[in-house]
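Chemist: show me how the following folds:
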Amino acid sequence: MRVMKLVSGVSSGIVITMLALALTPLVAFAAGPGTASSNLTNVSGGYVADSTGSAQAMSNAEFTITPGPLSLNQVPNIVFGSVSVKDVSSANTNIPISTGAPTGGTGFDGNNNGALNITDYRGNHDGWSLTVGMSPFTSGANTITEAQLTLDETAGALDNSATAAPLSLTLPQSTVTNGWISSPKTLWNAAAKSGEGSNSATTAASSKLTITKQPDVSAGTYNATLYWALQNAPAATTPAQ
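Modeler: Numbering: from 1, shown residues only. Okay, the predicted model is just below:
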């Protein structure tokens, strides 16, 4: 509302008219910016820039970011070197990691580059966890009675620097029930507000397979299956006592 001074000597009719104008919202002569009910789309005359100040207006800019998936993209095959029947029969034996491709097995998702990759493009910052378990090693009808995999994964490129590196695990042979491993362990845990973007790791040279002394071991090429599972939330942690 404009404030107007009454000038002495002005006729009563003019005063009344001036008062009426003073009490009437002059939207068309406003300087802006607008409100939800009174704005440039529903007033005539626009906003006025004059000696009292500039005309001001506000409009909107907008865009949308659409969510994507949480994906397990790469899991590694793990190939170990050769060991003799004598070695396994005589003592506990460590078999170092080797290179190359497995010659058997039914785990068709693995790559031979040691690559592990998870991407999180959900945009909700909820975190995630990756578990892995190992079946028994078998060669035809023969089975290794006790073996454990020391699995070390070296973190590579992580889009969010707050993302923790994979853990170092010792995986025993576990039973497979209804097509899946019975007791997997958490290898990689991304807490809330981490794990976003691309997360890569590589199987480290320190990984190894330890076979417990087995005098009745049979010669052959043994295969086990690694079972990988990506969950859409971090693994639960045990509170400190």
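
Chemist: what sits against residue 123?
Modeler: Counting by CB atoms under 8 Å, 6 or more residues apart in numbering, residue 123 touches 65, 67, 68, 196. C-beta coordinates here come from the backbone N, C-alpha and C atoms, glycine included.

Chemist: put the buried members of those residues into a ChimeraX selection.
Modeler: Burial among the contacts of residue 123 is assessed by 16 or more other CB atoms under 10 Å; the matching ChimeraX selection reads:
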select :196
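
Chemist: what's the closest of the contacts of residue 123 to residue 140?
Modeler: Residue 140 lies nearest to residue 68 out of those, by CB to CB, at 44.2 Å.

Chemist: on the pLDDT front, check that closest one for me.
Modeler: For residue 68, the model assigns a pLDDT of 98.

Chemist: quick one: what helix or strand has residue 129 in it?
Modeler: strand 128-134 (DSSP states H and E).

Chemist: can you name the next helix or strand after that strand?
Modeler: strand 138-139.

Chemist: excluding chain neighbours, give the residue nearest to residue 83 in space.
Modeler: Of all residues not flanking residue 83 in the chain, residue 95 sits nearest, at 5.2 Å (CB to CB, 6 or more residues apart in numbering).

Chemist: confirm that neighbour sits in a strand?
Modeler: Yes: assessed with DSSP: H, G, I helix; E, B strand; the rest coil, residue 95 lies in a strand.

Chemist: picking that back up, determine the set of other helices and strands touching the strand holding residue 129.
Modeler: strand 115-120, strand 169-172, strand 185-190, strand 226-231 (3 or more CB pairs under 8 Å, 6 or more residues apart in numbering; DSSP states H and E).

Chemist: who does the shortest one pair up with?
Modeler: Looking back up the chat, that one is strand 169-172. Paired neighbours of strand 169-172 in the sheet (DSSP bridges): strand 147-151 (antiparallel).

Chemist: any chance you could list what contacts the next helix or strand after the partner strand?
Modeler: Counting by DSSP H and E, the next helix or strand C-terminal to strand 147-151 is strand 153-158. For strand 153-158, contacts defined as CB under 8 Å, 6+ apart pick out 116, 165-168, 187-188, 197-204.

Chemist: do the same with stretch 205-219
Modeler: With contact meaning CB under 8 Å, 6+ apart, stretch 205-219 is reached by 78, 80, 83, 85, 88-97, 139, 142, 144-152.

Chemist: circling back: any idea how far the residue nearest to residue 83 is from residue 173?
Modeler: For residue 95, the distance to residue 173 (CB to CB, to the nearest Å) stands at 14 Å.

Chemist: swap in residue 145?
Modeler: In terms of CB to CB, residue 145 sits 9 Å off from residue 173.

Chemist: number of residues surrounding the closest residue to residue 217 other than its chain neighbours?
Modeler: The spatially closest residue to residue 217, leaving aside those adjacent along the chain, is residue 88, at 4.6 Å (CB to CB, 6+ apart). Neighbours of residue 88 under the rule other CB atoms under 10 Å: 22.

Chemist: give the contact list for residue 88.
Modeler: Contacts of residue 88 by CB under 8 Å, 6+ apart are 211, 213, 214, 217.

Chemist: can you check residue 149 too?
Modeler: Here residue 149 is in contact with 78, 134, 169, 170, 171, 207, 208, 209, 210 (CB under 8 Å, 6+ apart).

Chemist: just the buried ones among these, please.
Modeler: So, by 16+ other CB under 10 Å, the buried ones in the contacts of residue 149 are 78, 134, 169, 171, 207, 208, 209.

Chemist: how far away is residue 53 from residue 40?
Modeler: Distance from residue 53 to residue 40, by CB to CB: 17 Å.

Chemist: mind checking which of the two has more residues around it?
Modeler: With neighbours defined as other CB under 10 Å, residue 53 and residue 40 compare such that residue 40 has more, 16 against 9.
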